[in-house]
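> fold the stuff below for me.
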Amino acid sequence: MGGSRLEIFKFGMYILFPIGIMYYFGTNLDERFAVPDFWPRKEETHRIPFEKDEIRGELERLRRRRLERRERRLRAEGGREGSVGLQEDQ
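Model (predicted):
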């Protein structure tokens, strides 16, 4: 219907369109699609403790945090669980 010129044009589009898209999106990716300060800097990330003292300190910090959260939760619930245990013992 369209002849050989149409087929050549369609073939050229099938080949050049993906190449053009890859060229457009594949160059200057850092400048075009980078979000500034997306990744945290080294001093903002967590540091894994390796020494025994550091590990003990971290465990103690986690234990304190867990107990503080438990205290807050019990206070928010009205102290039902904590007061029941005290009344049963007496």
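
> mind checking the SS state of the residue nearest to the spatial centre of the chain?
Closest to where the C-alpha atoms of the chain average out (Cα atoms, centre = their mean) is residue 39, at 9.6 Å. Under DSSP: H, G, I helix; E, B strand; the rest coil, residue 39 falls in the coil class.

> counting contacts, what elements does the biggest helix by length in the chain pack onto?
Across the chain, the longest stretch assigned as helix under DSSP state H is helix 52-76. Contacting helix 52-76 under the criterion 3 or more Cβ pairs under 8 Å, 6 or more residues apart in numbering; DSSP states H and E are the following elements: helix 80-89. The C-beta positions use only the backbone N, C-alpha and C, and glycine is treated the same way.

> low-scoring stretches of the chain, by residue?
For the chain, the stretches with pLDDT under 70 are 1, 79-90.

> helices or strands up against the helix or strand that contains residue 20?
Assigned by DSSP states H and E, residue 20 belongs to helix 4-26. Contacts defined by 3+ Cβ pairs under 8 Å, 6+ apart place helix 4-26 against no helix or strand at all.

> any buried residues in that helix, and which?
By neighbour count on 16 or more other Cβ atoms under 10 Å, the buried set for helix 4-26 is empty.

> pull whichever helix or strand comes after that helix out as PDB, backbone CA atoms only.
Sequence-wise, the next helix or strand downstream of helix 4-26 (DSSP H and E) is helix 29-33. What follows is helix 29-33, C-alpha atoms only, in PDB (Å, rounded to 0.1, in the frame of the first residue of the first chain):
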ATOM      1  CA  LEU A  29      22.600  11.000  34.300                       C
ATOM      2  CA  ASP A  30      24.400  12.500  37.300                       C
ATOM      3  CA  GLU A  31      23.500  16.100  36.400                       C
ATOM      4  CA  ARG A  32      20.000  15.400  35.000                       C
ATOM      5  CA  PHE A  33      18.500  13.000  37.500                       C
END
